[in-house]
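Student: quick one, what's the 3D model for this:
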Amino acid sequence: MAPMSRLMCRSGFGLPATIMMLIVFAVLGVVGVSLARQEARSQVRATSREVAFYAAEAGLARGLRKWTVPDTLVPAGTRWLLDSGTLPGGASYRTGVIKLGDGSSIHSLFAVRTEGIARDGFVQHAGLLVHTRPLENPFKAALEDKREGGAKVKGNPPLEEDPDTANFFDLGDITFDELAADADIVLADGKVMEGKNPEPSYNADGTCNTLDPDNWGDPENPGQPCANWFPTIYAKGDLHLKAKQVGQGLLLVEGNLVAEGGFVFYGPVIVKGELVALGGFTFYGGVKAGETDLGAGNAEIYYSACVLQRVLSNTAAARPRLLMERPWFRNR
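Tutor: Predicted coordinates:
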């Protein structure tokens with residue numbers, strides 16, 4: 001009987017051991033599933049974090065491309081929205097700017113900050129410290145030339161002759177060549193603007209198409225997508241404005257500028273050669289020209305400090321530039 005008793009004891013011991021092993025395996029399985037879920041959540045968070053940060057970076061780039069400053073002087077601490085939108089994939093961004101410098105100039109030091117938001121709501125922030133370069137308004141009259149043009153010019157003040165050729169075509173400490181190097185639109189020598197050119201053009205999403213060389217803004221329709229597009233336009237030689245169209249920005253002409261057909265332009269115009277009127281045209285802002293021949297046309301040139309300030313504050317030369325050292329900051 002003893003051997004049977006020992007067998008019974010052994011079989012009774014094996015059942016609890018088996019149950020214990022099953023419990024251990026179950027616990028390990030639960031722990032494994034929990035760890036896997038935590039890892040998956042961690043991966044999702046990491047992915048959302050990166051998606052949100054890339055959205056913030058995209059918002060910075062887009063915001064700087066759409067850079068605007070108030071038309072009037074504002075004190076330090078003033079904030080405004082540059083841009084907001086949704087990116088492919090569903091992430092979104094919102095880009096704003098705060099003025100850090102004093103209120104004595106429209107140009108100063110600024111902090112540009114973007115909030116990037118992933119689809120699951122995870123938020124990342126990125127920012128840049130930038131500064132803008134001041135462009136002086138050197139225009140003293142509606143029309144300034146280095147030689148007598150013998151034309152009647154409307155505007156107040158009307159006409160001023162400046163025999164000093166040194167720095168005549170510069171804007172303060174920024175030379176004509178520097179302005180030309182920053183041009184948004186470059187026109188070949190002998191370019192003729194006629195028909196419906198220039199005119200505002202738009203991207204598929206309705207935003208202003210600033211890559212179109214025939215898009216010179218939309219000054220007479222405030223609130224429209226191209227109303228705040230002030231391109232720097234550089235003609236590498238002669239330019240002929242022949243259309244009854246409207247444009248705005250900073251117009252730089254290396255050669256002669258011939259205008260007719262009722263063309264209207266808002267902003268500073270700098271012509272190294274001769275400004276010639278073959279027909280009616282109207283310029284608002286100010287004109288600097290090497291010489292003028294306006295006798296054959298009904299030229300109307302109006303001095304406007306308001307137009308000059310608005311354009312010079314938004315041209316390529318006045319757009320923000322990164323600080324030389326430590327321009328980036330990132331908040332998690």
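
Student: correct me if wrong: Val74 contacts Leu100.
Tutor: No - counting by CB atoms under 8 Å, Leu100 is not a contact partner of Val74; they are 11.6 Å apart. Quick note: C-beta positions are derived from backbone N, CA and C, even for glycine.

Student: model confidence score at Lys242, please.
Tutor: With respect to pLDDT, Lys242 has a value of 90.

Student: wait, isn't it in contact with Val192?
Tutor: Yes - contact criterion CB under 8 Å: Lys242 and Val192 qualify, at 5.8 Å.

Student: which of those two has more neighbours?
Tutor: Shown here are Lys242 and Val192; by other CB atoms under 10 Å, Lys242 has more neighbours (19 against 14).

Student: list the contacts for the closest residue to that one other than its chain neighbours?
Tutor: The shortest distance from Lys242 to any non-neighbouring residue, by CB to CB, 6 or more residues apart in numbering, is to Glu194 (4.2 Å). Taking CB atoms under 8 Å, 6 or more residues apart in numbering, we find Glu194 in contact with His240, Lys242, Ala243, Gly261.

Student: also Leu322?
Tutor: By CB under 8 Å, 6+ apart, the contact list for Leu322 reads Leu128, Leu129, Val130.

Student: just curious, which of the residues you listed is nearest to Thr175?
Tutor: Thr175 lies nearest to Val130 out of these, by CB to CB, at 22.4 Å.

Student: where does the stretch 1-150 of the chain have low pLDDT?
Tutor: Filtered on pLDDT under 70, the stretch 1-150 of the chain yields the residue ranges 1-15, 24-44, 70-73, 102-107, 134-136, 146-150.

Student: show me the contacts of Leu322 that map onto strands.
Tutor: Among the contacts of Leu322, the residues falling in strands (DSSP state E) are Leu128, Leu129, Val130.

Student: surely the second one and Gly101 touch.
Tutor: No - Leu129 is not in contact with Gly101 according to CB under 8 Å; the separation is 11.2 Å.

Student: what's the overlap in contacts for these two?
Tutor: Leu109, Phe110.

Student: and the two? Which one has more around it.
Tutor: Leu129 (17 against 14).

Student: wait, is Asp120 part of a strand?
Tutor: No - Asp120 is assigned coil when assessed by DSSP: H, G, I helix; E, B strand; the rest coil, not a strand.

Student: dump the residue contacts of the spatially closest residue to it that is not a sequence neighbour.
Tutor: Leaving aside its sequence neighbours, Asp120 sits nearest to Ser48 (CB to CB, 6+ apart; 5.3 Å). Contacts for Ser48 were tallied using CB under 8 Å, 6+ apart; they are Ala118, Arg119, Asp120, Phe122.

Student: measure the first one to Glu199 for me?
Tutor: Going from Ala118 to Glu199 by CB to CB, to the nearest Å gives 39 Å.

Student: then Val246?
Tutor: 8 Å.

Student: ok, the closest residue to Tyr202 other than its chain neighbours - contacts?
Tutor: Distances taken as CB to CB, 6+ apart place Asn209 nearest to Tyr202, at 5.5 Å, with adjacent residues excluded. By CB under 8 Å, 6+ apart, Asn209 lies in contact with Ser201, Tyr202, Asn203, Asn215.

Student: do the same with Gly59
Tutor: Contacts of Gly59 by CB under 8 Å, 6+ apart are Asp83, Ser84, Gly85, Tyr93, Arg94, Thr95, Thr114, Glu115, Gly116, Ala126.

Student: give me the contacts around the helix or strand harbouring the third one.
Tutor: Element membership for Gly85, per DSSP states H and E: strand 79-86. Where contact means CB under 8 Å, 6+ apart, the residues beyond strand 79-86 that reach it are 59, 62-64, 66-68, 70, 92-99, 112.

Student: from Gly90, how far off is the residue nearest the centre of the chain?
Tutor: Nearest to the centroid of the C-alpha atoms of the chain, with distances taken as CA atoms, centre = their mean, sits Arg65, at 2.0 Å. The spacing between Arg65 and Gly90, counted by CB to CB, is 22 Å.
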